[in-house]
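Trainee: This is the structure alone, sequence omitted:
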Ligand code: AMP
C-alpha cells in the first residue's frame, strides 16, 4: 500500500473535479431552500442504538455495513450510514415538531459511511443531500419531494433518469400482505440466508437481484392487491399530483428499498448510464419511524440523493456543467516593486468582490502567463519596472488578446467596470 493512498472504498475530491461535487450539492439543495426547507446538520456519528432501532435490525445496513466503535468512555457509537434517523432524532431533541408549524421541513448535506464491497459507484464513504418533511400525512408532501428531486436533476442537465414508484402499505394492510407473502416464499427453493430473511423481512426477498430467485418470484402475491382503501386512495393521489406536474414515473411493485422504516410511498431515482449501481437517489414515507425510536406519532416523508452517483451520472451523459471560472483577474508582477504594488491591487479587487489571483513565487513572465491562462481569468494585469515608473499597469483581455496601459490608481475601478 502506498503511503498516500486513501482507505479502501474511499476517494478524495480534488480540483478540478471537486467543483462538480459542489455544484451538484448546490443544485440539489436550491429547490429545497426555495420550498421552505431549513438547513439541519447533525453529528457524523450517533449512538448505535438509534440506527439499530430506526434503520432496522434486519437490514444489511445495520447487520453488515455499519462502522461501529466503542469510545474510551464505553459509549457504543456508529458512523452514520444514512441521514433520516439522525435528522428525526435531532428534530425530536430540539422539539421542532412542537413549535406548531407542521410539517417540519429540513434539508441536509454530508458524509455517510457503509462498510460495503467497493465497486464503481459504491463506496465506503459517500456524500448525500437529503430532505425530510416531518409530522404531516399529505400526498401533496410526497409529491412535492419527488417533484423537487426531479427539478434538481433536470437543473443539472440530467435526462436519462427514471423515477420508480411504489406503495408499501401501512400498519393495517402491510401485515396481512406480509403473512401471505411469507406463506408463498416458504415453498420456494431458497438458500438458508434468504430463508431467514423470509421470517424477518420478507418484502426484501422481492428485492433479490439473483436471476434464479427472481424466476421463482413471478407468481408472488402482489402488494398492490392487498393495499387497504386508505393506502390505495393515498397512492392514487400522489400519482395524480405527479402526473399533473408533468413528472413521469414508472410503477414498480418490486421496489421495497433496503431500510425497514418505509410505509406507503416509496420511490427511487435510477440512472441508466450507471451499470449495476444505478440508484442515484431514493426515499419514501416513514410514518412509524418516530415511534420506533421512542418519539410520538409523526408521519413523515423524505429522500436522499447520492452526490457521488449524480456526478457519475452527469459524466455518463456527458453533461458539461456550466462552471464559471473561479478567477476573474490574474496579476503577474515582474520584479520586487511590482510584486508589492500588484499584490495591493489584488487585495483591493478581492475586497471589492472581484475574484483575483496572483503569480506567487517570483516566476518569470512565461510561466506566470501560463498560470494566468490556466486560471481561466478574463483579465490579466502585468506590471514591470517601466510600467511602474510611468504609473501604469498593462491590462490584457485574455479573450480578445488586446492589451492596454491603465493608470495604476484606476486599475481596480476599470476592472470592476469591465467585469460588470
Ligand atoms: P439509500 O439510503 O441506500 O437509499 O441511499 C440513497 C442514495 O445514496 C443512493 O441512491 C445512492 O445514490 C447513494 N448511496 C448509498 N450508498 C452508497 C454507497 N455505498 N456509495 C455511493 N453512494 C451511495
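Mentor: Yes, it's here. Because the structure is predicted, anything quoted here is derived from the model rather than measured.

Trainee: which residues does the residue nearest to residue 131 when sequence neighbours are not counted form a beta bridge with?
Mentor: The shortest distance from residue 131 to any residue other than its chain neighbours is 4.7 Å, reached at residue 107 (C-beta to C-beta, 6 or more residues apart in numbering). Any C-beta I mention is one placed from the backbone N, CA and C, and that applies to glycine too. Counting by DSSP bridges, residue 107 is bridged to residue 39, residue 131.

Trainee: Do you know the pLDDT at residue 206?
Mentor: For residue 206, the pLDDT comes out at 86.

Trainee: Quick check, it in contact with residue 221.
Mentor: No - shown here, residue 206 and residue 221 do not form a contact pair, counting by C-beta atoms under 8 Å, at 10.1 Å.

Trainee: These two: which has the busier surroundings?
Mentor: Per other C-beta atoms under 10 Å, whichever of residue 206 and residue 221 has more neighbours is residue 206, with 18 against 15.

Trainee: What's the mean pLDDT across the helix or strand harbouring residue 69?
Mentor: Assigned by DSSP states H and E, residue 69 falls within strand 68-70. Averaging pLDDT along strand 68-70 gives 97.

Trainee: quick one on the thing from earlier: intersection of neighbour lists for residue 206 and residue 221?
Mentor: Taking C-beta atoms under 8 Å, 6 or more residues apart in numbering as the contact rule, residue 206 and residue 221 both touch residue 181.

Trainee: so residue 332, which of the three states?
Mentor: At residue 332 the chain is in strand, as set by DSSP: H, G, I helix; E, B strand; the rest coil.

Trainee: For it, give the beta-bridge partners.
Mentor: Going by DSSP bridges, residue 332 forms beta bridges with residue 382.

Trainee: just checking, it touches residue 359?
Mentor: Yes - assessed by C-beta under 8 Å, residue 332 is found in contact with residue 359 at 4.8 Å.

Trainee: Show me the common contact partners of the two, please.
Mentor: Common neighbours of residue 332 and residue 359, using C-beta under 8 Å, 6+ apart, are 368, 372.

Trainee: For the chain, list the residues in contact with the ligand, please.
Mentor: With C-beta under 6 Å from any ligand atom as the criterion, the chain meets the ligand at residues 82, 114, 116, 122-123, 126, 128, 258, 279-282, 304, 306, 308-309.

Trainee: give the contact list for whichever residue of the chain sits closest to the ligand.
Mentor: Per C-beta to the nearest ligand atom, residue 306 is where the chain lies closest to the ligand, at 2.0 Å. Shown in contact with residue 306 (C-beta under 8 Å, 6+ apart): 126-128, 279-281.

Trainee: In CSV: those, plus neighbour count, pLDDT and secondary structure.
Mentor: Compiled in CSV, the contacts of residue 306 are given as follows (neighbours: other C-beta atoms under 10 Å; pLDDT from 0 to 100; DSSP: H, G, I helix; E, B strand; the rest coil):
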residue, neighbour count, pLDDT, secondary structure
126, 19, 98, strand
127, 20, 98, strand
128, 23, 98, strand
279, 18, 95, strand
280, 25, 98, strand
281, 26, 97, strand
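
Trainee: a markdown table for these, including distance to residue 137?
Mentor: Formatted as a markdown table, those follow (distance: C-beta to C-beta, whole Å):
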| residue | distance to residue 137 |
| --- | --- |
| 126 | 31 |
| 127 | 30 |
| 128 | 25 |
| 279 | 26 |
| 280 | 27 |
| 281 | 22 |
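
Trainee: Can you list the neighbours in contact with the helix or strand of the chain with the lowest mean pLDDT?
Mentor: Averaged element by element with mean pLDDT, DSSP states H and E, the chain has its least confident helix or strand at helix 60-63 (a mean of 84). With contact meaning C-beta under 8 Å, 6+ apart, helix 60-63 is reached by 51-52, 55-57, 81-82, 114, 258-259.

Trainee: Mark which of the residues you listed are part of helices, please.
Mentor: Among the contacts of helix 60-63, the members falling in helices (DSSP state H) are 51-52.

Trainee: Rank the contacts of helix 60-63 by pLDDT and give me only the lowest.
Mentor: Within the contacts of helix 60-63, lowest confidence goes to residue 258 (64).

Trainee: what element comes up after the longest helix along the chain heading to the C-terminus?
Mentor: Ranked by residue count, the top helix of the chain under DSSP H comes out as helix 139-156. As assigned by DSSP H and E, the chain's next helix or strand after helix 139-156 is strand 161-167.

Trainee: helix or strand right after that next one?
Mentor: helix 174-186.

Trainee: What residues of the longest helix of the chain count as buried?
Mentor: Buried residues in helix 139-156, counted by 16 or more other C-beta atoms under 10 Å: 139, 141-153, 156.

Trainee: Stretch 282-294 too?
Mentor: Of all the residues in stretch 282-294, those buried under the rule 16+ other C-beta under 10 Å are 282-290, 292-293.

Trainee: Check the separation of the first and last residues in it.
Mentor: One end of stretch 282-294 to the other measures 25 Å (C-alpha to C-alpha, to the nearest Å).

Trainee: please renumber so the chain begins at 15
Mentor: Understood, numbering begins at 15; the last thing we discussed is stretch 296-308.
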